[in-house]
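1. have a look at this prediction, sequence included:
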Amino acid sequence: MRDVYIVGSAATAVAEHWDCSGPSLAAEAFAAALGPLAREQVGAMYVASALAGPLQTQAQLGAAVAAACGLPGVEAHAVEASGASGGVALRQAFLAVASGAHDLVAVVGVEKPSDVLDGRREAALALAGDPDWDAIHGATLTAQWALLMRRYMHVYGCRPEDFAPFPVNAHANGANNPGALYRFAITPEKVRSAPPVADPLSLLDCSTAADGAAVVLLAGEGLARELGGPRIRIAGSAVATDTPALHSRPDPLWLEAAARSSAAALRAAKLSAADVQVLEVTDPHGIAAALSLESSGFFERGSAVRAAADGAISPHGATPLATAGGCKARGDTVGATGVYQLVELVRQLRGEAGAAQVPGARVAFAQCLGGIGATAATHVLVADNA
Amino acid sequence: MELAKHWRVRSARYRLEGQRNRATGEVRFPPAPSATDDWEPLALSGRGTVYSFTVVHQPPDGYEDQAPYLLALVRLEEGPLVTAQLTDCDAEQAAIDMPVEMVTRKLRDLGPDGLIVYGYKFRPVLR
């Protein structure tokens, strides 16, 4: 296995792109990510989307996106693992370069949820669960996070407003991201008084699904050296799974797939959670971020919410989170999220993250979850000395 | 029509039939396909307590007429957790650890050409 580097990255703004199809958004991001590279150098594409099947009625998204990107004939794969699609695609692409099968590959995340109304989107998102044993009861993904949030509050003795630091931090950072869906700050009081979506989750502790495409290009060491510039290495890469249904887990407040994949990725990187300087996780709600961070070893169980209130997740804290706005303010691109995460972390490791820059960041951690963590993909990035 | 996918889980949906491990006595629900004879069918009591609950205000397609509805994880007295709606219960009344019992109700209507799907929900234990 050889070292793998990120040699290009770009994303469209997250928005309601009424005038664009998924493949056209992907083509826009792909062209921007190429930079000095010729598209013909790309040996394979890994195209992540959670909802293209149920919402756009498009299968074979690999072929569709490759054609839209001007690469008909190229090897292309569609990758679906709900909200973890982007991270699982990245894992596949990483293996393709690490093995030597390809020198340059593209990871494309693309989602187009604005094509349908809320009810159909909620039903499509609920496909991440178990159709026979939870979706049939009207259990949406948001409702299942709400079940975990209320249980967490019961076990650890906290209130709904104690989760507000997560969306407040996300919006504070999103305000500085020109590509974010929501570019304004919110207050804890506004989170508390917003109408309920799935009690105790309020509207301002729930992400909004929106359209976008993000692309990262991975290369072997030789090509990465040739291209010059700061070298961002994928030092750890792992995917793990858990039961799709929450009720089948021995301890629902523990995301076992998050724990397994983060441990494996950090071990491969020969690093620990304490070495990580900037993070992206699946954070459509504060409870999702809290459980991901606790299960991945960044906080003791039951302590992530208090740590967030103490400022740990701000760009100047010890565990900076959602520096481009996260799922909440950047906008929830569902299956593309894992690739958007990488685009932001590359900005951080290159020192190009503007007002949300984490000073001196050299080690970054990205984790995306499918459903309630039935799939977890975790990657550790390291900025090598040029 | 989706007939087969609802028909094949009828024992679990209508009478909360789970499985018991012949060797260890462990009980599981929902029943899982098993390659061995280690697991035997077991009708569960239908009694349990609320592990957690939420009120769903943004329903998926097919559940608009039910919203807002109470969704819960219920800890059955035999041990397994089950996802189901609470019924005959106000949101203000619902609480973690509240004793509940299984009832059979309409889960959803699949439309003019489809099934009406029935199955278990849980209500507060009647005193």
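-> Right, received. Where do you want to start?

2. ranges for the helices of the chain?
-> Let's take chain A. Under the criterion DSSP state H, chain A carries helices at the ranges A:22-34, A:52-56, A:61-68, A:85-98, A:118-125, A:141-156, A:165-174, A:188-193, A:221-227, A:256-268, A:286-295, A:304-309, A:326-329, A:337-349.

3. please go with chain B instead
-> Counting by DSSP H, chain B has these helices, from start to end: B:3-7, B:10-15.

4. and those as TSV, adding distance to chain A and mean pLDDT?
-> C-betas here are computed from N, CA, C, even on glycine. Formatted as TSV, the helices of chain B follow (distance: least, Cβ to the nearest Cβ, whole Å; pLDDT from 0 to 100):
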stretch	distance to chain A	mean pLDDT
helix B:3-7	7	88
helix B:10-15	8	94
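
5. okay, those helices, which one's buried deepest?
-> Among these, helix B:10-15 has the highest mean neighbour count (mean count of other Cβ atoms under 10 Å in any protein chain shown), at a mean of 16.

6. export only the CA atoms of that helix, formatted as PDB.
-> Output in PDB follows, covering the C-alpha atoms of helix B:10-15 (Å, rounded to 0.1, in the frame of the first residue of the first chain):
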ATOM      1  CA  ARG B  10     -47.500 -11.300  10.100                       C
ATOM      2  CA  SER B  11     -46.600 -13.300  13.200                       C
ATOM      3  CA  ALA B  12     -44.400 -10.500  14.600                       C
ATOM      4  CA  ARG B  13     -46.700  -7.700  13.500                       C
ATOM      5  CA  TYR B  14     -50.000  -9.200  14.800                       C
ATOM      6  CA  ARG B  15     -49.000 -11.000  18.000                       C
END
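
7. what's it packed up against?
-> Applying 3 or more Cβ pairs under 8 Å, 6 or more residues apart in numbering or on different chains; DSSP states H and E, one finds that helix B:10-15 makes contact with strand B:116-124.

8. how about the strand it packs on as PDB, C-alpha atoms only?
-> The C-alpha trace of strand B:116-124 is given here as PDB (Å, rounded to 0.1, in the frame of the first residue of the first chain):
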ATOM      1  CA  ILE B 116     -54.100  -1.300   4.900                       C
ATOM      2  CA  VAL B 117     -51.200  -2.400   7.100                       C
ATOM      3  CA  TYR B 118     -52.000  -3.400  10.600                       C
ATOM      4  CA  GLY B 119     -49.600  -4.100  13.400                       C
ATOM      5  CA  TYR B 120     -48.500  -3.300  17.000                       C
ATOM      6  CA  LYS B 121     -48.600   0.000  18.800                       C
ATOM      7  CA  PHE B 122     -48.400   0.600  22.500                       C
ATOM      8  CA  ARG B 123     -50.700   2.400  24.900                       C
ATOM      9  CA  PRO B 124     -50.400   3.300  28.600                       C
END
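
9. which residues touch the lowest-mean-pLDDT helix or strand in chain B?
-> Considering only helices and strands, the least confidently modelled element of chain B by mean pLDDT, DSSP states H and E is helix B:3-7, at a mean of 88. Identification of contacts with helix B:3-7 by Cβ atoms under 8 Å, 6 or more residues apart in numbering or on different chains yields A:131-132, B:13, B:115, B:117.

10. pLDDT check: weakest of those?
-> pLDDT across those is at its lowest for B:L115, which sits at 88.

11. residues in the stretch 151-300 of chain A within reach of chain B, list them.
-> Applying Cβ under 8 Å from any Cβ of the partner chain, one finds that the stretch 151-300 of chain A approaches chain B through A:151, A:154, A:195-201, A:245-248, A:252.

12. how many other residues sit next to A:T140?
-> Using other Cβ atoms under 10 Å in any protein chain shown, the number of residues around A:T140 comes to 26.

13. that one against A:R121, yeah?
-> No: here A:T140 does not reach A:R121: they are 9.8 Å apart, not a contact under Cβ atoms under 8 Å.

14. where does chain A dip in pLDDT?
-> Under the criterion pLDDT under 70, the flagged ranges of chain A are A:386.

15. with chain B instead?
-> Looking at chain B by pLDDT under 70, you get B:1, B:35, B:127.

16. quickly check: stretch B:101-110 near chain A or not.
-> Yes: using Cβ under 8 Å from any Cβ, stretch B:101-110 comes into contact with chain A via B:107-108.

17. could you export that stretch as CSV, CA atoms only?
-> Extracted as CSV, the C-alpha positions of stretch B:101-110 are listed here (Å, rounded to 0.1, in the frame of the first residue of the first chain):
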residue,chain,number,x,y,z
GLU,B,101,-48.9,-2.6,26.6
MET,B,102,-49.3,-3.7,23.0
VAL,B,103,-52.4,-3.1,21.0
THR,B,104,-53.1,-3.9,17.3
ARG,B,105,-53.9,-0.8,15.2
LYS,B,106,-53.7,0.4,11.6
LEU,B,107,-50.1,1.4,10.9
ARG,B,108,-50.7,3.0,7.5
ASP,B,109,-52.9,2.9,4.4
LEU,B,110,-51.0,2.2,1.2
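
18. quick one: distance of it to the chain centre.
-> 9 Å (Cα atoms, centre = their mean, to the nearest Å).

19. can you list contacts of it?
-> Contact with stretch B:101-110 is made by A:136-138, B:2, B:14, B:16, B:44, B:46-48, B:62-63, B:66, B:85, B:87-88, B:116-123, B:125-126, as judged by Cβ under 8 Å, 6+ apart.

20. contacting residues around residue 77?
-> Looking at chain A here, since you left the chain open. Taking Cβ under 8 Å, 6+ apart as the contact definition, A:H77 lies against A:44-47, A:62, A:89, A:92.

21. wrong one, chain B
-> Residues counted as contacts of B:E77 (Cβ under 8 Å, 6+ apart) are B:45, B:47-48.

22. neighbour-wise, which of the residues you listed leads?
-> Neighbours here are counted as other Cβ under 10 Å. On that basis the top member of the contacts of B:E77 is B:G48, with 27 neighbours.

23. any buried residues in stretch B:96-113, and which?
-> By neighbour count, and taking 16 or more other Cβ atoms under 10 Å in any protein chain shown as the criterion, the buried residues in stretch B:96-113 are B:96, B:98, B:100, B:102, B:107-108.

24. take the contacts of B:E77 and keep only those in strands.
-> Cross-referencing those against strands under DSSP state E gives B:47-48.

25. can you list the contacts of B:E77 in JSON lines and add distance to A:A101?
-> Below are the contacts of B:E77 laid out as JSON lines (distance: Cβ to Cβ, whole Å):
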{"residue": "B:S45", "distance to A:A101": "55"}
{"residue": "B:R47", "distance to A:A101": "56"}
{"residue": "B:G48", "distance to A:A101": "52"}
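
26. interface residues of chain B facing chain A?
-> Taking Cβ under 8 Å from any Cβ, the part of chain B that reaches chain A is made up of B:5, B:9, B:30, B:51-64, B:66, B:69, B:71-73, B:80-85, B:91, B:96, B:107-108, B:117, B:119, B:121.

27. at 7 Å instead, please
-> Taking Cβ under 7 Å from any Cβ of the partner chain as the contact definition, chain B meets chain A at B:9, B:30, B:51-64, B:66, B:69, B:71, B:73, B:81-85, B:96, B:107-108, B:117.

28. buried ones only from the residues you listed, please, as a PyMOL command.
-> What follows is the PyMOL syntax selecting those of the residues of chain B next to chain A that are buried according to 16+ other Cβ under 10 Å:
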select buried, chain B and resi 9+30+51+52+53+54+55+56+57+58+59+60+61+62+63+66+69+71+73+81+82+83+84+85+96+107+108+117
